[in-house]
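**Student:** fold the following.
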Amino acid sequence: MNVVSLSAHFDGKSIQLDKPYKLEPNTKLIITVIPEQSDEQESWLNLWQNIIGKTPKIIENFK
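**Tutor:** I've put the predicted structure just below:
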């Protein structure tokens, strides 16, 4: 599986993806909590997209 960034939110009980995406059982995930301040949120999203785009093997360090 390729490394992807998915938008999600916490509904008070569990994390919900904003758009459907098929995940296999036991798929490893990294969750980043982003404050609701829109400028900061945009900065974090851009940072993670750049990290993932430039270093797709970064995930292997978390195994």
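
**Student:** which stretches of this structure form strands?
**Tutor:** 8-10, 15-17 (DSSP state E).

**Student:** state the mean pLDDT of stretch 43-54.
**Tutor:** Stretch 43-54 shows a mean pLDDT of 76.

**Student:** between the strands of the chain, which one is nearest to Ile52?
**Tutor:** Among the strands of the chain, the nearest to Ile52 by Cβ to Cβ is strand 8-10 (15.2 Å). Where you see a C-beta, it was placed from the backbone N, CA and C, and this is true even at glycine.

**Student:** what pairs with that closest one, parallel or antiparallel?
**Tutor:** Here strand 8-10 has these sheet partners by DSSP bridges: strand 15-17 (antiparallel).

**Student:** show me how far the partner strand is from its chain's centre.
**Tutor:** Centroid separation for strand 15-17 versus its chain: 11 Å, with Cα atoms, centre = their mean, to the nearest Å.

**Student:** could you measure from Val4 over to Asp39?
**Tutor:** As defined by Cβ to Cβ, to the nearest Å, Val4 lies at a distance of 24 Å from Asp39.

**Student:** hmm, I was thinking of Val3
**Tutor:** Distance from Val3 to Asp39, by Cβ to Cβ: 25 Å.

**Student:** quick one: which of these two has more around it?
**Tutor:** A count of neighbours by other Cβ atoms under 10 Å puts Val3 above the other of Val3 and Asp39, at 14 against 8.

**Student:** returning to that earlier point: which stretch among the strands of the chain comes nearest Ile31?
**Tutor:** Of all the strands of the chain, strand 15-17 sits nearest to Ile31, with 6.9 Å by Cβ to Cβ.

**Student:** pull the residues that contact the closest one.
**Tutor:** With Cβ atoms under 8 Å, 6 or more residues apart in numbering as the test, strand 15-17 has contacts from 6-10, 31.

**Student:** just to revisit the earlier point, can you put the strands of the chain in JSON lines and add mean neighbour count?
**Tutor:** What follows is the strands of the chain, written out as JSON lines (neighbours: other Cβ atoms under 10 Å):
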{"stretch": "strand 8-10", "mean neighbour count": "11"}
{"stretch": "strand 15-17", "mean neighbour count": "10"}
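
**Student:** so Lys19 versus Asp11, what's the distance?
**Tutor:** Taking Cβ to Cβ as the measure, Lys19 and Asp11 are separated by 15 Å.
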